[in-house]
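>>> Let me see the structure of the following:
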Amino acid sequence: MPKAKLNDISLYYEVYGNGAPLLLIGGLGSDSSSWLGVVKEFSSYFQTIIFDNRGCGRSSAGGKSTMTEMAKDAIALLDFLKIEKAHILGHSMGGYIAQELAINYPNRVNKLILESTAPVSSKRNNTLLKDIYSQLEKEGHNEAWFKRWIEWLFSPELIADNSFVDMFIKNSIEYPYRQKADGFKSQIEAIASFDVRDKINAIKAKTLILEGKNDILITPEEVKVLAKNIHGSTVKLLDGVAHCIHIENPKLFTGAVLGFLRQGGAFH
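Take a look at the predicted model:
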């Protein structure tokens with residue numbers, strides 16, 4: 001199991017395929033395993049790098065998490081892998097990290113893909129996440145906790161599929177690297193303090209913004225603020241999916257991303 005020793009932490013990562021580097025950054029509570037449904041397709045064209053954020057999966061916790069620190073972790077991982085520049089793809093909280101990375105390390109970013117994310121976390125979501133953390137602290141990773149999460153992550157049609165819900169919960173409960181409550185708390189505190197609304201116009205990378213029309217966690221209205229403030233960005237509102245597009249419909253997701261990266265010969 002490859003781990004990079006980076007400053008105050010040990011970061012777990014995996015690398016697939018060859019070609020131009022593509023770094024995938026996961027969201028709250030998720031780790032590198034959340035990308036396994038799209039890695040095969042991406043790695044047919046790119047050197048695809050997935051990793052566990054600090055305090056999640058098989059990475060150590062280190063000090064207090066902030067989006068700035070986690071962006072530094074991503075840059076340190078690229079340094080460790082001797083990668084000067086990469087396409088950056090971030091989902092939800094990973095999109096917050098990707099924005100910080102693009103703002104503070106513009107020369108390290110080729111193209112930028114932001115999935116289901118915004119330039120600030122809403123007060124409603126900060127309250128919601130604190131409540132979800134309290135439930136986790138009291139009850140642990142039980143079926144009720146995962147069922148509550150699912151309601152915010154997937155479209156109504158998928159939630160109505162009992163076989164999907166049952167399998168998702170079973171796999172989540174049995175997963176050996178579930179995030180501990182203190183790691184979840186650290187991440188939601190980082191989310192609550194994130195706000196780059198006064199800085200996102202500094203992003204110069206060519207940017208694709210993907211959003212599910214059924215996303216109720218980070219809404220299409222919030223996502224449009226990104227498009228308004230990132231010059232020349234492209235927004236795609238996708239039918240039939242909610243917050244976790246890459247899990248709910250991997251084919252739709254990879255098709256949109258690869259179509260964007262194909263422009264201008266980014267496969268090379």
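>>> use CA for all of it now, contacts and neighbours both
Will do.
>>> Show residues contacting stretch 148-166.
Around stretch 148-166, the neighbours that count as contacts under CA atoms under 8 Å, 6 or more residues apart in numbering are 147, 214, 215, 216, 217, 240, 241, 242, 243, 244, 248.
>>> tally of neighbours for residue 68?
Applying other CA atoms under 10 Å, we find 18 residues neighbouring residue 68.
>>> chain center to the helix or strand containing it: distance?
Using DSSP states H and E, residue 68 sits within helix 67-80. Per CA atoms, centre = their mean, to the nearest Å, the displacement of helix 67-80 from the mean C-alpha position of its chain is 14 Å.
>>> CA atoms only: put it into CSV for me.
Output of helix 67-80 as CSV, limited to C-alpha atoms (Å, rounded to 0.1, in the frame of the first residue of the first chain):
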residue,chain,number,x,y,z
MET,A,67,-8.8,23.5,2.8
THR,A,68,-5.5,25.4,2.4
GLU,A,69,-3.7,22.7,4.3
MET,A,70,-5.3,19.9,2.2
ALA,A,71,-4.5,21.8,-1.0
LYS,A,72,-0.9,21.8,0.3
ASP,A,73,-1.1,18.1,0.8
ALA,A,74,-2.2,17.6,-2.8
ILE,A,75,0.7,19.7,-4.0
ALA,A,76,3.1,17.8,-1.8
LEU,A,77,1.8,14.5,-3.3
LEU,A,78,2.4,15.8,-6.8
ASP,A,79,5.9,16.8,-5.7
PHE,A,80,6.5,13.4,-4.2
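>>> which parts of it are buried?
Neighbour counts over helix 67-80 (16 or more other CA atoms under 10 Å) mark 67, 68, 69, 70, 71, 72, 73, 74, 75, 76, 77, 78 as buried.
>>> Check stretch 30-37 too.
30, 31, 32, 33, 34, 35, 37.
>>> re earlier: contacts for the helix holding residue 68 next, please.
Under CA under 8 Å, 6+ apart, the answer for helix 67-80 is 4, 6, 11, 53-54, 84-85, 96-98, 100-101, 108, 190-191, 194.
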